[in-house]
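Chemist: with the sequence up front, the predicted model follows.
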Amino acid sequence: MSGAGGPAFKDVDFSKSIQTPPDSPGKPKSKFTHKKTESWSKHFQNGNRRDGSWASVENKMAIPTSPGSHNTIEVPALRSPDADASQYMHNLSVSPSQKERRLSRNSFGAALPIPRSKRQSRLSSVTFPDVQEALRNASKESQRPGMPPIQPTREILVSQVQDVQSDKVKLAKNMAFVFDIDGVLVHGDRLIPEGKMVLDMLNGNNQLGIKIPHIFLTNGSGKPELARTEQLSKILQNPVNTEQFIQSHTPMRALAEYYNTVLVVGGEGYKCREVAEQYGFKDIIVPNDIVAWDESIAPYRVFTDEERASARPRDFSKVNIDAIMVFSDSRDYATDMQIIMDLLVSENGRLGTVAKDPVSQRIPIYFSQGDFLCPTEHPHPRMSQGAFRIGLEAMYKAHTGVDLERVVYGKPELATYKYADEVIASWMDVLHGEERIPENIYMIGDNPASDIVGGNMYGWNTCLVRTGVFQGGENDEENPANFGVFANVWEAVTAACRKQLGDDFKFKWDDRVNPVLHGNQSAIH
Ligand code: G3P
Ligand code: MG
């Protein structure tokens, strides 16, 4: 497997048209239909059908209860319900009877909910109050004859330059960037210098003084959105707003409508419990709560007094856990895998029980992303959540004889890209008072197997940079970036801007420009 876990989709994922998601009756559909969404379906339909009988498997939304509100959008799941582990395993002799059972199972991976955009249209609102105020002051100036002229502020100049160059402004509002974070803008907590340069430019340090829309789409995880964006703002020395930020578990907020009691796995300490609380999950259990209830459940765990004191044990033999949410990388594979396995083979998520049928009474399990490897400070990429999942799938199959059905969010899953559309449109509203998706979207990523394949399939322009996972030649052979390979994010973004805004577009604001005095764009240097 190269870089991250590549998608392993099968025809069965497309037994329903991708453009007509299997929305439940009365459920709202996404208001955004991307122009090239169809390519995703076509891409995967080119694969060989492994077994004709699979075509008859009906994808059902088996999320157990319909949510009461209309805050979510359902998106077809693209991952095969088959375990990825099979390609890494010796033949485990799946018997014919087990095959039949597989065909009769419920597939809960048929559709993934994502949150609707929180933001209501603000078309009528004032987008740049400071500019409006400056313009009001400027008009007052003309009403005070004999008084010295007020020095034009930057905001007035920006506004006037944009008036003069309205065609270019229109083009700048019709493009957007989607940034991967690790390996593109930063390495862990370390800035990639071109990352700051790019954000300075997109935040207004350009010929038009305009904010060119951009959002952040990362498979990173493990802390609340606000904490992560504050950290990123410091590293990048540019504001990163939660409303322009998607980390791997952000769209999983939508699942809070579906499940009452959930096991949340991964991350440092209790940070993912905090994340789940913020997403609106009502009854959140983490592995430490279970170990504190019964330490013998994890025989190799050394449980400290501090952990015992901070856990929230209760009698879990009386609790049904409705679903498992792996939000972030496990910090203790042995304990987490043991508890997850116990739950997957239990009767409807009740610890201490063992289901007679491992499929029909199995609770669903969700993973926030599928990356197999992740670049870190270590010279070789380290195993990530995808590796944990594959290990779990292998153990589950060895133990029960059946494949583990599971749902994966994050790049390159369709649900995450659909959600990105929601966020882009909403961010356009914040920046420019226009809640819409620009026509020219550029994904800048370092990982061909997540950033690039997902962007390609979603109809975005894709740029692969050489500052992260990708270390190859001219382009990635399996998932080539369609807009090209660049040394770093600055090279990629400026190439995209030149294409959209013209070769002469300047990547720096010039304070010397004064259209009030000069009256035309010749004053722009
Ligand atoms: O795979 C783990 C994560 O750190 C990747 O982050 O920003 O490259 O999607 P990103
Ligand atoms: Mg990356």
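Modeler: Great, that's in hand. Just so you know, these numbers come straight off a predicted model, no measurement behind them. Ligands and ions are numbered 1, 2, ... in the order given.
Chemist: every contact and neighbour count from this point should use C-alpha atoms.
Modeler: Will do.
Chemist: number of residues surrounding D476?
Modeler: Look at D476: counted by other Cα atoms under 10 Å, it has 18 neighbours.
Chemist: which residue does the protein have closest to ligand 2?
Modeler: Residue nearest to ligand 2 within the chain (Cα to the ion): D182, separated by 4.1 Å.
Chemist: does that residue touch G188 like I think?
Modeler: Yes - using Cα atoms under 8 Å, D182 makes contact with G188 at a distance of 6.5 Å.
Chemist: before we move on, the earlier item: near the residue of the chain closest to ligand 2, how many other residues are there?
Modeler: For D182, using other Cα under 10 Å, the count is 25.
Chemist: so who does it touch?
Modeler: Contact analysis of D182 by Cα atoms under 8 Å, 6 or more residues apart in numbering lists 188, 218, 220, 375, 468.
Chemist: the fourth one and E243, how far apart?
Modeler: Looking back up the chat, that one is P375. Using Cα to Cα, to the nearest Å, P375 is found at 26 Å from E243.
Chemist: got the buried residues for stretch 177-196?
Modeler: 177-187, 191-192, 194-196 (16 or more other Cα atoms under 10 Å).
Chemist: and ligand 2, is the host helix or strand of E194 touching that?
Modeler: Here E194, judged by DSSP states H and E, is contained in helix 193-202. No - if you take Cα under 5 Å from the ion as the test, helix 193-202 misses ligand 2, and the best it gets is 12.7 Å.
Chemist: sheet-wise, list the partners of the helix or strand following that helix with their directions.
Modeler: Using DSSP H and E, the helix or strand that follows helix 193-202 in sequence is strand 214-217. Applying DSSP bridges to the sheet, strand 214-217 is found paired with strand 175-179 (parallel), strand 245-246 (parallel).
Chemist: check the offset of strand 214-217 from the chain's centre.
Modeler: From the chain centre to the centre of strand 214-217 is a distance of 9 Å (Cα atoms, centre = their mean, to the nearest Å).
Chemist: how about stretch 458-466?
Modeler: 15 Å.
Chemist: residues touching that stretch, excluding its own?
Modeler: Taking Cα under 8 Å, 6+ apart as the rule, stretch 458-466 contacts 34-37, 39-40, 184, 414, 417, 440-448, 452, 455-456, 470, 475, 481-489, 492.
Chemist: thinking again about what came up before, buried ones among the contacts of D182?
Modeler: With neighbours counted using 16+ other Cα under 10 Å, these contain these buried positions: 218, 220, 375, 468.
Chemist: just say helix, strand or coil for the last one.
Modeler: Counting by DSSP: H, G, I helix; E, B strand; the rest coil, the backbone at G468 sits in coil.
Chemist: ok, it touching D446?
Modeler: Yes - assessed by Cα under 8 Å, G468 is found in contact with D446 at 5.1 Å.
Chemist: shared neighbours, those two?
Modeler: By Cα under 8 Å, 6+ apart, the residues touching both G468 and D446 are 183-184.
Chemist: on that earlier part again, is the helix holding E194 anywhere near ligand 1?
Modeler: No - Helix 193-202 stays clear of ligand 1 (Cα under 6 Å from any ligand atom), getting no nearer than 12.6 Å.
Chemist: now do the phi/psi pair for the closest residue to ligand 1 within the stretch 301-450 of the chain.
Modeler: Proximity of the stretch 301-450 of the chain to ligand 1 (Cα to the nearest ligand atom) peaks at C374, 4.5 Å away. Note on C374: backbone dihedrals following degrees, to the nearest 10 are phi -140, psi 130.
Chemist: how close does it sit to I215?
Modeler: From C374 over to I215 (counting by Cα to Cα), the distance is 21 Å.
Chemist: can you check D421 too?
Modeler: Counting by Cα to Cα, the gap from D421 to I215 is 10 Å.
Chemist: E230 too?
Modeler: Shown here: E230 relative to I215, a distance of 15 Å by Cα to Cα.
Chemist: more neighbours, those two?
Modeler: I215 (24 against 16).
Chemist: need the contact list for the more buried one.
Modeler: Residues near I215 by Cα under 8 Å, 6+ apart: 176-179, 244-246, 423-424, 427.
Chemist: next to ligand 2, which bits of this protein? Give me the list.
Modeler: 182-183, 446.
Chemist: turn the residues you listed into JSON lines, columns for distance to P115, secondary structure and pLDDT.
Modeler: Converted to JSON lines, those look like this (distance: Cα to Cα, whole Å; DSSP: H, G, I helix; E, B strand; the rest coil; pLDDT from 0 to 100):
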{"residue": "D182", "distance to P115": "24", "secondary structure": "strand", "pLDDT": "93"}
{"residue": "G183", "distance to P115": "27", "secondary structure": "coil", "pLDDT": "92"}
{"residue": "D446", "distance to P115": "27", "secondary structure": "coil", "pLDDT": "95"}
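Chemist: could you list which of the residues you listed also contact ligand 1?
Modeler: 182-183.
Chemist: any idea how far K211 is from the closest residue to A111 other than its chain neighbours?
Modeler: For A111, ignoring the flanking residues on the chain, the nearest one in space by Cα to Cα, 6 or more residues apart in numbering is P76 at 4.2 Å. With distances taken as Cα to Cα, P76 is found 33 Å from K211.
Chemist: now do the helices in the stretch 301-450 of the chain.
Modeler: Along the stretch 301-450 of the chain, the stretches classed as helices by DSSP state H, counting those that start in this stretch are 305-310, 333-344, 385-400, 414-432.
Chemist: now tabulate the strands paired with strand 214-217 in JSON lines and tack on mean pLDDT and distance to P364.
Modeler: As requested, the strands paired with strand 214-217 are exported to JSON lines (pLDDT from 0 to 100; distance: least, Cα to Cα, whole Å):
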{"stretch": "strand 175-179", "mean pLDDT": "98", "distance to P364": "31"}
{"stretch": "strand 245-246", "mean pLDDT": "98", "distance to P364": "23"}
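Chemist: P299: which of those strands is closest?
Modeler: strand 245-246 (36.8 Å; Cα to Cα).
Chemist: need the pLDDT of P412.
Modeler: The model reports P412 with a pLDDT of 93.
Chemist: pretty sure it contacts S450?
Modeler: Yes - with contact defined as Cα under 8 Å, P412 counts as touching S450 (4.7 Å).
Chemist: okay, those two: which has more neighbours?
Modeler: Using other Cα under 10 Å as the criterion, P412 and S450 rank with P412 on top: 30 against 25.
Chemist: if I pick that one, what's in contact with it?
Modeler: 7, 449-451, 453-455 are the contacts of P412 under Cα under 8 Å, 6+ apart.
Chemist: just the closest of those residues to K397, please.
Modeler: P7 (19.8 Å).
Chemist: gap between N238 and V75?
Modeler: From N238 to V75 the distance is 33 Å (Cα to Cα).
Chemist: more neighbours, those two?
Modeler: V75 (25 against 17).
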